[in-house]
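> When you get a sec, could you give me coordinates for this:
(chains A and B)
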Amino acid sequence: MSAANPQHLVRDFGPVGTAIMGLLGVVLGGLLGWYVYLDGLAAFRNTYENPLRIFLDQSHYLNTMSLWGLIVGLILLLVIVHRIWSIDRMILFLTATLMVTEVVPGISSLLGLLLLGKLFGGVLRKGDVHWPLSPIGMVVLLILAAYSTSFLNAENPVGVLGNFLPRIPYIGLALFLPLCINTTDRLLMLVDFLIICAMVSLGVEFIQGILSAATGQEITFAAAQVEMFDAPWGPTARLTGLMAHPNRYSNVTSTVAVIALWLALQPKEMVSQRRRFMLFTVFVIFCFGVLFSWSRSGWLSLGVTVLLLPFFRWPHLSPVFLMVQGYAVFLGLSTGAIQFAYEYVRDLSRGSADFRWHITHIGLQAFFEHPVIGIGVEGTKDYFNAYELQVHNASIQMLADLGLVGLGAFTILVVTLISCLARVITSKTADPRLRSLAMGMGVASLVSLIQSFVEVFLWYQFLWTFIAILGCVYIAYREERQRQILQGYAPELQPQHLLSS
Amino acid sequence: MNQASTIFGAIYRRKHIVLLVMAGSIGVGLYENAVNPPDYMVAAEILIPEHGLGISIDTESGNIPDEPLLPMQDEGRLIGVTSLLRSRAVVYRVAKNNPELDPQRLKSNIRGDVTKDGVVQYTGYGRTPEQATTVANGAVYAFAEVLEEMSMDGMRQNLETFKKNEPKAWDRVKEAADAISSYLTSLQSADLNADTQQWLADRAKVQEELFQLENQFQQNRAQRPIIEKTLKERPEYVTTRQDLKMQSGYSNALERIANLSSELAVARLTYKDKHPEILRIQTELELAQNQASQSAELILSSSTLTQDAQIAALTQKLVDMDIFEAGYGPQKEIFEKRKAELDDKLKEVPGYRERLATLQSAHSQATSMAERISERRKELEFHLEHGLSFSFIDPYALAVPERAKQVPTPLGIIMFTSFSGLLLGVFVALLSATFGRMRATRPY
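Predicted coordinates for the structure are as follows:
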């Protein structure tokens, strides 16, 4: 691109590039025209669904206007935020928001746009951009390839895109997130944002609880069939915060709570007294948030992870913890307290536990009958299934959906994740803050691991964002290591951009 | 590779690998599609009414009395539509009805589902549209057959049970009625309620009599000393009439006075007051007057004495009291005895009633159960005689070869091979570049 010859800008793409750009423009224009045409056709329905009908009752193009208004507003917002904030912080904030929010649409797409903007903006402005290639990101390519086997199982392959395309932005984060998150400081900032966003979600949960109690109706973001349960004291709302399902809300909140607890338990040289107090408070508040989601799997996963956490934090005291916890378990069993608690929690909603086993059998049957590529993502909903629900077990869901191909891809993913984390944790040269964070996030991932046995977690945006962040932890370590090598052995050859980052 | 340029460069430098993998993927996909003809899939539907005549597998248990005489229905309830869909019974039935189909592949070629609309749908897979249609329709018919047989089998078993238990149930009704009858006989009562009312009335009456008796007795006790005292103080007889008359001397005196007065008057005409004659007459007159005055009182000529009526009444009352007191003890004893008898009977009434209610409840329950069993038996006989259909197969909802679709579809193959080929190509390119970089930096 030459600023000296602005009249030749179009030719910068070359004749083929210009033709392709023109063709793309025509196709995009055609698609937009088609959308407007469909919007006009569906005007009658849209006028009933769109809240703008109050002001523009006669217009047939409300959705078009709404969409453009949204896009323009979003661009203006981004411009304003970009002026007062950096794009990296916006990415960090959106990543944290994406993890705790399901009910706000388009966050993953917006995040993807920002990442692509950073990538191409950097390339265009500086000629290059720092983009560490994450091993997790590479494995995600295999996961997406495995996912694409669903096209083979589908009666209508285009229909599969309806689920596939919206998932690509957050599954692909593992590849693109290292563009922004590649240092310990940024990871720590992300954790702070994550805690803030989770607190916002908790505030929404609190409002939901107040409104539900005041009106006697379940006011949450959950679907009708999961928004309440019959507690012994009467119908009770299952609060969801900014998530669309109480179990997923409990998963997110539990994970953040465990990270907060881990950070609070860091040695005193790594965390101030004030911050430690704040993190403890956050942990306790999050525990209440998990409690009022009335998610039994969330309670279980949080409880078990918190019990296991001391073994990782103070491994040299493991025998003591083992003895204390063993004695507590013995006391609980001998007094019947554990049985009582189990039966009480089980009977809160026994039916919702029973159907899981039926669907699990369906998932296993799907895998054994179609072992190579499974029956396609979400295929179990139409496979001998009267419940219209997916398999509530991530491993079996993966086997049923993607078969051995998926098993291979996921095995590589898990092995890569564990080896990456292990390298950071066992490294003697890594930043202690990064090692601690890696350890904390590894422990926090136990929450999802436990809950994934009874929940539909496989294609859940929090999980993939979390995986991407785990990849970023390794990237930060690797970057640091390279910096150390360069500083130790050839500081004069160290690239300037690495030093500045 | 930490720079965008190196990543893009690695991919660009290995663009042939990417393109090769992608082209290879698409080529292999198309080749496979051409060499190995794809499967075809087609769906057929069957409807199952939620409440099939009130005796479907879901609602049968609700119609059967919950009694130990009857078989448990829990096992039957467990067999839901989902289990039936997945059951091997349907697959075996399809294989049996369609010997031309490969039984080894049949299980994986049949896929059942309950759609969001609640319709049972079977999707059949086959090498040809016709084969897929045969599988789908075969599965629908097999499902209907198995469902019907299963339901009818349950009904037949229930009918047999009803037939065996019906006489027993009616025997129980008779036993219960006999128990009521014999109990009432032992109570010597045809109607416990009426008898109880009578006993209560009798007891109230006895209680009233006792009260009156005691009241009278106490009254007598209080009155007796007064009466006796009154009787003691009053004469038995009282003068009821007296006749009085003048004395004879008085009359003579009065006559002499009259004579003397006349003589005096005459004498005074003759004599002076001091005349001895007059004095004599006056003296005699005074004597006569004295005599008259002395004998002026009336004398009782006769009197009548009769018995005092009050005394008689009091005496009579006293006699009555004596008579009453003589009968008081035995009377009281009789009343007390009667009262005790009635109390004894009434004390047992709650027990009688409870026992009787128990017997009547048992009788009522036995009757109800027997009637229901009889009704169910008749209903089941009727249904089994006339035949039942537990599902509905709409001919237009059955599979036809024209509706069969190829799986994977050509579009699906293209999408899969191109997409996965691109991803794998990029992966291989990056991996290759990574290995190349490792080889360049490590002492291999």
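> in stretch B:253-273, what's buried?
Applying a neighbour-count criterion of 16 or more other Cβ atoms under 10 Å in any protein chain shown, one finds B:253-254, B:256-257, B:260, B:263-264, B:267 buried in stretch B:253-273. C-betas here are computed from N, CA, C, even on glycine.
> now swap in stretch A:384-393 and tell me
A:384-386, A:389-393.
> ok now it, how far from the chain's centre?
23 Å (Cα atoms, centre = their mean, to the nearest Å).
> likewise stretch A:321-333?
Using Cα atoms, centre = their mean, the offset of stretch A:321-333 from its chain centre is 35 Å.
> Please identify which helix or strand holds residue 83.
The chain I'm using is chain A. helix A:62-84 (DSSP states H and E).
> not quite, I wanted chain B
Assigned by DSSP H and E, B:Ser83 falls in helix B:81-86.
> which non-adjacent residue is nearest whatever residue of the stretch 151-300 of chain B ends up closest to chain A?
Going by Cβ to the nearest Cβ, chain A is nearest to B:Ser151 of the stretch 151-300 of chain B, at 17.7 Å. Leaving aside its sequence neighbours, B:Ser151 sits nearest to B:Phe390 (Cβ to Cβ, 6 or more residues apart in numbering or on different chains; 5.0 Å).
> isn't the one you found right up against B:Ile46?
No. Checked against Cβ atoms under 8 Å, the pair B:Phe390 and B:Ile46 is beyond contact range at 10.2 Å.
> if we can go back for a sec, okay, the buried residues of stretch B:253-273 in TSV with distance to A:Asn153 next?
Shown next, in TSV, are these (distance: Cβ to Cβ, whole Å):
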residue	distance to A:Asn153
B:Ala253	172
B:Leu254	170
B:Arg256	177
B:Ile257	174
B:Leu260	180
B:Glu263	184
B:Leu264	182
B:Ala267	188
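> Could you list which of those residues belong to helices?
Using DSSP state H, B:253-254, B:256-257, B:260, B:263-264, B:267 are the members of the buried residues of stretch B:253-273 that sit in helices.
> Throw these into a markdown table and include distance to A:Gly172 and pLDDT, thanks.
Formatted as a markdown table, these follow (distance: Cβ to Cβ, whole Å; pLDDT from 0 to 100):
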| residue | distance to A:Gly172 | pLDDT |
| --- | --- | --- |
| B:Ala253 | 175 | 82 |
| B:Leu254 | 173 | 83 |
| B:Arg256 | 180 | 83 |
| B:Ile257 | 177 | 86 |
| B:Leu260 | 182 | 86 |
| B:Glu263 | 187 | 84 |
| B:Leu264 | 184 | 84 |
| B:Ala267 | 190 | 83 |
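> Show me which residues of chain B sit near chain A.
B:1-5, B:7, B:41, B:80-82, B:85-86, B:107-108, B:111-116, B:405, B:407-409, B:411-413, B:415-416, B:419-420, B:423-424, B:426-427, B:430-431, B:434 (Cβ under 8 Å from any Cβ of the partner chain).
> PyMOL command for the buried members of these?
Filtering the residues of chain B next to chain A down to the buried ones (16+ other Cβ under 10 Å) takes a single PyMOL command:
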select buried, chain B and resi 1+2+3+4+7+41+81+82+85+86+107+111+112+113+114+405+407+408+409+412+413+415+416+419+420+423+424+426+427+430+431
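> In the chain, mark out all the strands, start to finish.
Defaulting to chain A. A:228-231, A:234-237 (DSSP state E).
> wrong one, I was asking about chain B
Taking DSSP E to define them, one finds strands in chain B at B:39-46, B:110-114, B:120-126, B:237-245, B:299-307, B:405-407.
> Rebuild those strands as TSV, extending it with distance to B:Lys168 and mean pLDDT.
Listed next are those as TSV, based on distance: least, Cβ to Cβ, whole Å; pLDDT from 0 to 100:
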stretch	distance to B:Lys168	mean pLDDT
strand B:39-46	40	91
strand B:110-114	41	87
strand B:120-126	40	91
strand B:237-245	94	69
strand B:299-307	90	73
strand B:405-407	58	88
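> picking that back up, from the contact counts, what lies against the helix holding A:Arg83?
Applying 3 or more Cβ pairs under 8 Å, 6 or more residues apart in numbering or on different chains; DSSP states H and E, we find helix A:62-84 packed against helix A:14-41, helix A:43-49, helix A:87-100.
> which stretches of the chain have low pLDDT?
By default, I'm working from chain A. Scanning chain A for pLDDT under 70 picks out A:1-13, A:43-59, A:349-355, A:489-501.
> ah, I was thinking of chain B
Ranges of chain B meeting pLDDT under 70: B:1, B:49-81, B:237-241, B:298-301, B:442-444.
> domains of it?
B:4-182+B:369-441, B:196-349 (automatic domain parsing).
> what's the span of the shortest one from first residue to last?
What that stands for is domain B:196-349. One end of domain B:196-349 sits 7 Å from the other (Cα to Cα, to the nearest Å).
> who in the stretch 1-150 of chain A is up against chain B?
For the stretch 1-150 of chain A, the contact set with chain B under Cβ under 8 Å from any Cβ comprises A:119, A:122-123, A:127-133, A:138, A:141-142, A:144-145, A:148-149.
> Got a ChimeraX select line for the buried ones in the residues you listed?
Filtering those down to the buried ones (16+ other Cβ under 10 Å) takes a single ChimeraX command:
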select /A:119,122,123,129,130,131,132,133,138,141,142,144,145,148,149
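> The residues of the stretch 1-150 of chain A next to chain B in helices, which ones?
Within the residues of the stretch 1-150 of chain A next to chain B, residues falling in helices by DSSP H are A:119, A:122-123, A:138, A:141-142, A:144-145.
> Can you tell me which of those residues is nearest A:Met441?
Taking Cβ to Cβ as the measure, A:Met138 is the one of those closest to A:Met441, at 20.0 Å.
> which residues sit in contact with that closest one?
Applying Cβ atoms under 8 Å, 6 or more residues apart in numbering or on different chains, one finds that A:Met138 lies in contact with A:175, B:427, B:430-431.
> hmm, try it at 6 Å
The contact partners of A:Met138, by Cβ atoms under 6 Å, 6 or more residues apart in numbering or on different chains, come to B:Leu430.
> Quick one: the helices in the stretch 1-150 of chain B, in order.
Ranges of helices within the stretch 1-150 of chain B are B:4-13, B:15-35, B:60-63, B:74-78, B:81-86, B:88-97, B:103-109, B:129-186, based on DSSP state H, counting those that start in this stretch.
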